[in-house]
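K.L.:
My questions are about this predicted structure, shown below with the sequence.
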Amino acid sequence: MSILNRLSAPDMISPGISACVGCNVELTLRTVMRIVGPNSVLAIPPGCMGGVGVVGWDKLSGARVPVFFPLLTNTASMLSGIRLAYDRQGKVNTHVVAFAGDGASVDAGFQALSGAAERNDRILYVCYDNEGYMNTGYQRSAATPKGAWTSTTPHGKLQIKKDTPRIMADHRIPYVATCSPAYIPDLVTKVEKAMANRDGFSYLHVLTPCVSGWGFPPEESIEVCRSSVQTRYFPLYEVDHGRYRITVDVPKPRPLSEYVGRLKKFSRTTEAELAEMELLVKQQWQELRALERVGGEHIDG
Amino acid sequence: MSQVEVMNGNRAAGIAACLARPDVIAAYPITPQSSVVEFISRMIAEDKLDAKICEVESEHSAMSVLEGASLAGGRTFSATSSQGLALMYEPYFRASTLRLPIVMAIANREMISPQTLWASAQDSLSVRDAGWMQFYVEDNQEILDTLLQAFRIAEDSRVLLPINVCYDGFYLSHMSERVVVPDPEEVDAFLPDGYHPQHILLDPDRPMAVDPLTNGDLLTEYRAKHLAAQQAALEVIEQVDAKFSAAFGRSWDGAVEAYRIDGDCEAVVVTLGSMTGAGREAVDRMRESGASVGLLKLRVVRPFPAKEVRELLRGIPAVGVVDRNVSFGWDTGIIYQEVSSALYGVQGTARVPMIAGLGGQDITVEMFEDALRTLLERGRAGSACSPEFPETIWLSQDGEEETR
């Protein structure tokens, strides 16, 4: 079946949710859940998608599947418990899915996430990374890149971004991938691989540029996503049972300044900081290439 | 056939948990609770218990795993102590407001600082207002029996609340005594066959949104129903104890046990947990020498059995509450404040706060005798002579009662 056919599956999310115009997270969520389908449970911790009503409002649900608010800190642990109970009931084909922001994943929820990954519990965990607490007024998180303005880093963040997909890959879980809403076929393929993974934990890390918090026009939303990949700022790759593979090659990267220059959050970034970012991006790409070459035996779970 | 074995309190808790046939267990080891987790892990590893266990990285995750499992319709069990309970507080509170009938044993241990490992109910009493039911038990048989009762009380459709069975660390967790272990078939007949929630369930066949953003008016309704469920539990606790007694031949007197309290009683001590044994012995000795004294064992702190406590203590000239914990800001123990609230407006009863046994120190028979003698004096002096806010008496092993 073609990608288009697969994307014509029913939308699992309510039409009435109140995300910002041009929201990449909403697009990603709808896409992921069209693929995952109705035999699933959806965890939406506090964050943008909780705030816009995906869990619901008063007595109304925001999704067609069972959906709930975990705490900011315990998304992965709650899903571990659901998985264990379902496995006991024989509901082995029901997908337990997290759709969590970077705050709930790489900051406050990181211990639970790392614990579930170390136990290799069979969970499909999607982190939507908008590089900060975008739902509550654009505060800094560990996923905010160095130099970026946030409401708690008014002169730019001083520390570099935590590389969570690499950390998750180092848990040696069966499947890790980075995704972008500008590359839907790549995203769909990765969601399907994660769904097919019967060996344990799947982790998808999606960079979702934020119209309101990062400062760019809504009509440029997908272009910003594409630019993040085409400048190699956010490489698209997977780690399938230990094997690294860049899934969207970028043989001739665009200058990083093209990406940085279109985002207001980098408006105070200096030439020196840009040079440092360029070096980091270069190193990151080289490391991924090296990891690809190491390849290694396919490790079964 | 039931069997008689010698075991410590943690093993009694582990056996009770296994007899209840939980679907999912999650617990993180912490002194003095650790051997509960070890025991259940071994039972599962040896195929003696058909259940899933989650080897979590923290107590926060232990409670979170159980919330997920309970939301998916599983019967759940955990155990913890002290700092582990404190780390768990965020999901702990939510287990009750989600109305999940999780059962958790607590081997009571002091809260740091200073660094400590030993008994006190400071840990669980500090979270008494988080919406759980809380039982406090006296010996290892009561640990086992109360845990079995706990599953039935928690899952009762009139209640649907999580429940703690609390027992003093080391005094019970590590002390061996005779325990009757019921036959698994008898337990199967006593407990419902699994947990089958109707009120809250994550099931793709009937999608439900759990915890959408909720306005204050609806939240108020949730709270009112939660409060009502706590009150309903008082009756359920009595009923379940009666059914347990009929099935196993042992009753634990529901929420409160009155020991040698009669119409002539001049002084009563109120106790919680393992200290009760020493208290009973002191009452017996004093009775032998002609004093009219008694003991009230508080078995359930949430829901607080206020009416029973009030009726049992009404007309007693002096009541002392022995707390192995403190209530910062009141200059007394916690249970003293609870009992005082239950006695509000009762005339002619002098009330005396007493603190003893902090950090796992012994509370001896002699200390209870001293306490009862002091109470007899207070009672004879008349409650009119009793200050409105009496100073706490700190019981000590050298017989010196002090105020500090």
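P.N.:
Sure, I can see it.
K.L.:
moving C-terminal of the biggest helix by length in chain B, what's the next helix or strand?
P.N.:
For chain B, the helix with the greatest residue count under DSSP state H is helix B:216-248. Going down the chain from helix B:216-248, the next helix or strand is strand B:256-259, by DSSP states H and E.
K.L.:
Remind me what that following strand packs against, helices and strands.
P.N.:
With contacts taken as 3 or more C-beta pairs under 8 Å, 6 or more residues apart in numbering or on different chains; DSSP states H and E, strand B:256-259 sits against helix B:276-288, strand B:293-298, helix B:306-313. Every C-beta, even on glycine, is put in place using the N, C-alpha and C of the backbone.
K.L.:
Parallel or antiparallel, list what pairs with whichever helix or strand comes after the shortest one.
P.N.:
Of the helices and strands lying after strand B:293-298 in sequence (DSSP H and E), the nearest is strand B:300-302. Its sheet considered, strand B:300-302 pairs with strand B:133-136 (antiparallel) by DSSP bridges.
K.L.:
from the chain's centre, how far out does the next helix-or-strand element following the partner strand sit?
P.N.:
Sequence order places helix B:140-155 as the next helix or strand after strand B:133-136, per DSSP H and E. Relative to its chain's centre, helix B:140-155 lies at 11 Å (C-alpha atoms, centre = their mean, to the nearest Å).
K.L.:
What helices and strands are in contact with helix B:140-155?
P.N.:
Against helix B:140-155 (3+ C-beta pairs under 8 Å, 6+ apart) you get helix B:9-19, strand B:103-108, strand B:133-136, strand B:163-168, strand B:177-181, helix B:184-190, helix B:216-248.
K.L.:
quick revisit: how far out from the middle of the chain is the longest helix of chain B?
P.N.:
Worked out by C-alpha atoms, centre = their mean, helix B:216-248 lies 15 Å from the chain centre.
K.L.:
Between the two ends of stretch B:286-296, how far is it?
P.N.:
One end of stretch B:286-296 to the other measures 15 Å (C-alpha to C-alpha, to the nearest Å).
K.L.:
residues of that stretch that come out buried?
P.N.:
B:Met286, B:Ala291, B:Ser292, B:Val293, B:Gly294, B:Leu295, B:Leu296 (16 or more other C-beta atoms under 10 Å in any protein chain shown).
K.L.:
okay if I get those residues as CSV plus distance to chain A and pLDDT?
P.N.:
Converted to CSV, those look like this (distance: C-beta to the nearest C-beta, whole Å; pLDDT from 0 to 100):
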residue, distance to chain A, pLDDT
B:Met286, 51, 98
B:Ala291, 54, 97
B:Ser292, 53, 98
B:Val293, 49, 98
B:Gly294, 46, 98
B:Leu295, 41, 98
B:Leu296, 39, 98
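K.L.:
residue contacts, residue 19?
P.N.:
Assuming you mean chain A. When contacts are counted by C-beta atoms under 8 Å, 6 or more residues apart in numbering or on different chains, A:Ala19 touches A:Val25, A:Glu26, A:Cys48, A:Met49, A:Val52.
K.L.:
that's the wrong chain, I wanted chain B
P.N.:
By C-beta under 8 Å, 6+ apart, the residues touching B:Leu19 are B:Leu148, B:Val181, B:Pro182, B:Pro184, B:Val187.
K.L.:
quick one: which of those has the most company?
P.N.:
B:Leu148 (25 neighbours; other C-beta atoms under 10 Å in any protein chain shown).
K.L.:
Skipping adjacent residues, who's closest to whatever residue of the stretch 151-300 of chain B ends up closest to chain A in space?
P.N.:
The nearest approach of the stretch 151-300 of chain B to chain A comes at B:Pro212, 3.0 Å away (C-beta to the nearest C-beta). Distances taken as C-beta to C-beta, 6 or more residues apart in numbering or on different chains place A:Gly56 nearest to B:Pro212, at 3.0 Å, with adjacent residues excluded.
K.L.:
cool, and A:Pro66?
P.N.:
B:Leu202 (4.2 Å).
K.L.:
Then A:Thr269?
P.N.:
Leaving out its chain neighbours, the residue that sits closest to A:Thr269 by C-beta to C-beta, 6+ apart is A:Gly147, at 4.3 Å.
K.L.:
what kind of secondary structure is the one you found in?
P.N.:
Secondary structure, DSSP: H, G, I helix; E, B strand; the rest coil: A:Gly147 is coil.
K.L.:
so it touches A:Met277, yeah?
P.N.:
Yes: with contact defined as C-beta atoms under 8 Å, A:Gly147 reaches A:Met277; the gap is 6.8 Å.
K.L.:
Now the common contact residues for these two.
P.N.:
Common neighbours of A:Gly147 and A:Met277 are listed as A:Thr269 (criterion: C-beta under 8 Å, 6+ apart).
K.L.:
rewinding a little: want to throw the helices and strands packed on strand B:256-259 into a markdown table with distance to B:Ile106?
P.N.:
Output for the helices and strands packed on strand B:256-259, formatted as a markdown table (distance: least, C-beta to C-beta, whole Å):
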| stretch | distance to B:Ile106 |
| --- | --- |
| helix B:276-288 | 17 |
| strand B:293-298 | 16 |
| helix B:306-313 | 22 |
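K.L.:
Pick the most buried one from those.
P.N.:
strand B:293-298 (a mean of 25; mean count of other C-beta atoms under 10 Å in any protein chain shown).
K.L.:
Which elements pack onto it?
P.N.:
strand B:256-259, strand B:267-271, helix B:276-288, helix B:306-313, helix B:365-381.
K.L.:
List the contacts of B:Gly14.
P.N.:
Residues near B:Gly14 by C-beta under 8 Å, 6+ apart: B:Ser35, B:Val36, B:Phe39, B:Ile40, B:Met43.
K.L.:
Is it possible to get JSON lines of those that adds pLDDT?
P.N.:
Supplementary listing: the contacts of B:Gly14 in JSON lines, determined by pLDDT from 0 to 100:
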{"residue": "B:Ser35", "pLDDT": "97"}
{"residue": "B:Val36", "pLDDT": "98"}
{"residue": "B:Phe39", "pLDDT": "98"}
{"residue": "B:Ile40", "pLDDT": "98"}
{"residue": "B:Met43", "pLDDT": "98"}
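K.L.:
Tell me the most packed of those residues, by neighbour count.
P.N.:
In terms of neighbours by other C-beta under 10 Å, these top out with B:Val36 at 30 neighbours.
K.L.:
Next up, the contacts around that residue.
P.N.:
B:Asn10, B:Ala13, B:Gly14, B:Ala17, B:Ala27, B:Ala79, B:Ala105, B:Ala107.
K.L.:
which of these sit farthest apart?
P.N.:
Based on C-beta to C-beta, the longest span within the contacts of B:Val36 runs between B:Ala17 and B:Ala107 and measures 13.1 Å.
K.L.:
Now the common contact residues for those two.
P.N.:
With C-beta under 8 Å, 6+ apart as the test, B:Ala17 and B:Ala107 both reach B:Val36, B:Ala79.
K.L.:
check contacts around residue 83.
P.N.:
In the absence of a named chain, chain A is used. A:Val96, A:Asp121, A:Arg122, A:Ile123, B:Gly68.
K.L.:
oops, chain B please
P.N.:
B:Ile30, B:Met111, B:Ile112, B:Asp123.
K.L.:
same deal with B:Glu402?
P.N.:
With C-beta under 8 Å, 6+ apart, B:Glu402 has these contacts: B:Ile393, B:Trp394, B:Ser396.
K.L.:
and if we set it to 10 Å?
P.N.:
By C-beta atoms under 10 Å, 6 or more residues apart in numbering or on different chains, B:Glu402 lies in contact with B:Glu391, B:Thr392, B:Ile393, B:Trp394, B:Leu395, B:Ser396.
K.L.:
For residue 116, which non-adjacent residue is closest in space?
P.N.:
No chain in the question, so chain A it is. Going by C-beta to C-beta, 6+ apart, A:Ala116 has A:Ala76 as its nearest residue, at 3.7 Å.
K.L.:
try again with chain B
P.N.:
Nearest to B:Thr116 is B:Glu110, by C-beta to C-beta, 6+ apart, at 4.4 Å.
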